[in-house]
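A.B. asks: No letters, just coordinates:
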């Protein structure tokens, strides 16, 4: 786990998505929710999740909002 301090907050990198979380918003899971997993199983789960993130990034990149005209007042 990578931990960094920035802008007066402490951030922790908890997973393979490279997202940091403010530790003030983290809560440890109860031991009853822990389960043993093999390294192979963990690697497979991370690989599938990473593919999902990559697919989502492609969708976001493909969306072209240049032709949208905002409507309504603000």
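C.D. replies: That came through, no problem. Not measured: the values here are computed from a predicted model.

A.B. asks: which residues are in contact with stretch 10-24?
C.D. replies: With C-beta atoms under 8 Å, 6 or more residues apart in numbering as the test, stretch 10-24 has contacts from 1-5, 9, 26, 46, 49-50, 53. C-betas here are computed from N, CA, C, even on glycine.

A.B. asks: Output the below-cut-off pLDDT ranges for the protein.
C.D. replies: 16, 37, 39-45, 67, 73-74 (pLDDT under 70).

A.B. asks: at 90 what do you get?
C.D. replies: Applying pLDDT under 90 to the chain flags residues 1-2, 7, 13-19, 26-29, 31-74.

A.B. asks: Tell me the buried residues in stretch 13-20?
C.D. replies: residue 20 (16 or more other C-beta atoms under 10 Å).

A.B. asks: one step back: restricted to helices, list the contacts of stretch 10-24.
C.D. replies: Secondary structure from DSSP state H places 46, 49-50, 53 of the contacts of stretch 10-24 in helices.

A.B. asks: now these as JSON lines including neighbour count?
C.D. replies: Output for the ones in helices among the contacts of stretch 10-24, formatted as JSON lines (neighbours: other C-beta atoms under 10 Å):
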{"residue": "46", "neighbour count": "13"}
{"residue": "49", "neighbour count": "13"}
{"residue": "50", "neighbour count": "13"}
{"residue": "53", "neighbour count": "13"}
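
A.B. asks: Which pair in those residues has the greatest spatial separation?
C.D. replies: Distance extremes for those: the farthest pair is 46 and 53 at 10.4 Å, using C-beta to C-beta.
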